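[1] Got a sequence here, can you build the structure:
(one chain, ligands or ions: 2)
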Amino acid sequence: MAKIKSAYFCQSCGYESAKWLGKCPSCNQWNTFVEEVIEKPTAGNAAVWKTSTGGAQRVNKPSKLEEIESATEERLLTGDEELDRVLGGGLVTGSVTLIGGEPGIGKSTLMLQLALNIKQKRVLYVSGEESEQQIKMRAERITKTPQADCFILTETSTQNIFKQLEQLAPEILIVDSIQTLHSAHIESTPGSVSQVRECTAELLRFAKETATPVFLIGHITKDGAIAGPKILEHMVDTVLQFEGDRHHIYRILRSIKNRFGAAAELGIYAMHGNGLREVSNPSEVLLSQRDEELSGISIGATIEGARPMVIETQALVSISAYGTPQRSATGFDTKRMNMLLAVLEKRCGFRLSAKDVFLNIAGGIKVEDPAIDLSIVAAIISSHEDIPVSSKICFAAEVGLSGEIRAVNRIEQRISEAEKLGFEKIFISNYNLKGFNKDKFKIELVTVSKIEEVFSALFG
Ligand code: TYD
Ligand code: MG
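    Ligands and ions are numbered 1, 2, ... in the order given. Prediction:
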């Protein structure tokens, strides 16, 4: 009988060690090593994805860069405009895309919807999580007229999946989820580092050999990383994150890594009773409809990915009932909020240290663009003074530590988005004025260079 081989794997980064270690030398996490049984595939083992070279060792020779023919990668349009944009203009043949997200956010729905709606492509949806009936029920919710070539397979063994793949030869493969698969070559349980790594490697080989695009759905851990090893993210071509607040209807599909397009691209969906619907005009839905002007609300012109978006920021500043004031932010970095509060305290003399401050970005969206700073500052001042900011004004500038208003990138796009949506004034940094033709805009540009100026320009 062959000796059982085992090794210890860091569950956080996939580092392999022959012995148990307390601290991972690779990612410095403590107590992450777990023993997993591994077995190296022997020559006589069951089917792996057969390589076109018949398993023989292929020897690659170095070639001169200029002699390599440049190929324009073919893009397959999925029919879902948001997804196509996040992928960098459609699906690349032979690419492997990993979609991560919290449970219940809508990963399975997004992928099933793709399988049902894409035109005239044979799609195989492999599920290790749900039964055929459950998938059928979901499909009926999503569309009444599914495309004819959508196949469902409930299976978790990669070897069995490959057998079906050979027969069916799908043009797109979707796997829900990578953590439920197991390969016969590895003994450890599904979802463990070595299993996830092996199954991904096998699917990767399949994708590259047959030029079939593959989508993998991946679970994420409590702290938001894609479960299983970080290594998974290195292996695949594209990593997309599906995020949002489960209690809101909006969902964001963000590209974190993309070998075939810009990272940090963004798609927005709304979850309805009959599936996900694309949101093509995010600005209009992210502004709350209000008739009267309320204090603590202001509007920022941000850019997420390549798209300008106008987003409402809300602040509530109130006297703290306790010794330690509360500070909380939804959709915005709390550390950055504290920094802005400190700047307001020091530069403008607002006594905010004894106040509770709550911050919220409308629509359950997370904003990382620093150009939202000025809008947040305006919302905080407005709530503190209890004077509304006119709903015809919007902001696009970063705030520095010394209270200076800093320039932001792609200011023209922000201004034209604000103009398009009917704003009358936009506050920008003085330093942003160079390099574009201001006369083509009808919207009034208010330029500021210090935070004090913003206060006097707003409330006189
Ligand atoms: P699901 O795709 O199962 O999430 P994941 O695969 O990421 O775990 O999404 C499940 C949630 O979406 C569930 O709470 C119900 C909701 N939902 C709708 O609101 N409308 C729909 O049409 C569908 C199919 C699901
Ligand atoms: Mg699911």
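[2] which residue ranges form the helices in the stretch 301-450 of the chain?
    334-348, 373-385, 411-420 (DSSP state H, counting those that start in this stretch).
[3] and the first one, what other elements does it pack with?
    Using 3 or more Cβ pairs under 8 Å, 6 or more residues apart in numbering; DSSP states H and E as the contact criterion, the neighbours of helix 334-348 among helices and strands are strand 327-330, strand 355-361, helix 373-385, helix 451-459. No exception for glycine: its C-beta is placed from N, CA and C like everyone else's.
[4] Pick the most deeply packed of these.
    helix 373-385 (a mean of 25; mean count of other Cβ atoms under 10 Å).
[5] For that helix, give me every contacting residue.
    With Cβ atoms under 8 Å, 6 or more residues apart in numbering as the test, helix 373-385 has contacts from 295-300, 311, 313-317, 332, 336-337, 340-341, 343-344, 348, 350, 352, 355, 357, 359, 388-389, 394-399, 405, 427, 451, 454-455, 458-459.
[6] Only whichever of these are buried, select them in PyMOL.
    To isolate the buried members of the contacts of helix 373-385 in PyMOL, using 16 or more other Cβ atoms under 10 Å:
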select buried, resi 295+296+297+298+299+300+311+313+314+315+316+317+332+336+337+340+341+343+344+348+350+352+355+357+359+388+389+394+395+396+397+398+399+405+427+451+454+455+458
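[7] Excluding residues flanking it in the chain, which one is nearest G128?
    Closest residue to G128 apart from its sequence neighbours, by Cβ to Cβ, 6 or more residues apart in numbering: T180 at 3.1 Å.
[8] Then N117?
    Excluding the flanking residues, the one nearest N117 by Cβ to Cβ, 6+ apart is G79, at 5.3 Å.
[9] Return the residues in contact with the one you found.
    With contacts defined as Cβ under 8 Å, 6+ apart, G79 is in contact with L114, N117, I118, K119.
[10] Please report how far it lies from A115.
    Shown here: G79 relative to A115, a distance of 11 Å by Cβ to Cβ, to the nearest Å.
[11] try F395
    Counting by Cβ to Cβ, the gap from F395 to A115 is 42 Å.
[12] In the stretch 151-300 of the chain, which residue sits nearest ligand 1?
    Going by Cβ to the nearest ligand atom, ligand 1 is nearest to G275 of the stretch 151-300 of the chain, at 4.2 Å.
[13] count of neighbours near that residue?
    Look at G275: counted by other Cβ atoms under 10 Å, it has 20 neighbours.
[14] With T109 instead?
    T109, neighbours per other Cβ under 10 Å, totals 19.
[15] Now it: which helix or strand?
    Element membership for T109, per DSSP states H and E: helix 107-117.
[16] how far does that helix sit from the chain's center?
    17 Å (Cα atoms, centre = their mean, to the nearest Å).
[17] Tell me which other helices or strands that helix touches.
    Against helix 107-117 (3+ Cβ pairs under 8 Å, 6+ apart) you get strand 96-101, strand 123-127, helix 132-142, strand 172-176, strand 214-219, strand 275-278.
[18] Nearest to P190, out of these?
    Each of these has some distance to P190 by Cβ to Cβ; the shortest is strand 214-219, at 11.4 Å.
[19] Only C-alpha atoms, please: export the closest one in CSV.
    Only the C-alpha atoms of strand 214-219 are listed here, as CSV (Å, rounded to 0.1, in the frame of the first residue of the first chain):
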residue,chain,number,x,y,z
VAL,A,214,-14.5,29.5,-17.6
PHE,A,215,-16.2,31.3,-14.7
LEU,A,216,-15.5,30.1,-11.2
ILE,A,217,-17.6,31.2,-8.3
GLY,A,218,-15.7,31.6,-5.0
HIS,A,219,-16.8,32.0,-1.5
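[20] where does the stretch 1-150 of the chain have low pLDDT?
    1-3, 39-58 (pLDDT under 70).
[21] for ligand 1, what are the nearby residues on it?
    G101, P103, G104, I105, G106, K107, S108, T109, R138, R141, I142 (Cβ under 6 Å from any ligand atom).
[22] secondary structure class for the second one?
    Of the three states, P103 takes coil according to DSSP: H, G, I helix; E, B strand; the rest coil.
[23] OK, contacts around the most centrally placed residue in the chain?
    Centroid-nearest residue in the chain: R254, 2.6 Å away (criterion: Cα atoms, centre = their mean). Residues counted as contacts of R254 (Cβ under 8 Å, 6+ apart) are V86, L240, Q241, F242, E243, A264, E265, L266, G267, G305.
[24] Which phi and psi values does it adopt?
    Phi and psi for R254, reported as degrees, to the nearest 10, are phi -120, psi 140.
[25] Just grab the bridge partners of it for me.
    According to DSSP bridges, Q241, L266 are recorded as the beta-bridge partners of R254.
[26] Could you report the separation of it from G100?
    For R254 relative to G100 (Cβ to Cβ), the value is 10 Å.
[27] ok, now A354?
    Taken as Cβ to Cβ, the span from A354 to G100 is 41 Å.
[28] neighbour count winner among the two?
    More crowded of A354 and G100, by other Cβ under 10 Å: G100, with 27 against 9.
[29] For that one, list each beta-bridge partner.
    Going by DSSP bridges, G100 forms beta bridges with G218, Q241.
[30] Specify the residue ranges that define each domain of the protein.
    Using automatic domain parsing, the domains assigned to the chain come out as 5-38, 76-280, 287-459.
[31] need the contact list for the closest residue in space to the residue of the stretch 151-300 of the chain closest to ligand 1 that isn't next to it in sequence.
    Closest residue to G275 apart from its sequence neighbours, by Cβ to Cβ, 6+ apart: I142 at 3.9 Å. By Cβ under 8 Å, 6+ apart, I142 lies in contact with T109, L112, Q113, L116, N274, G275.
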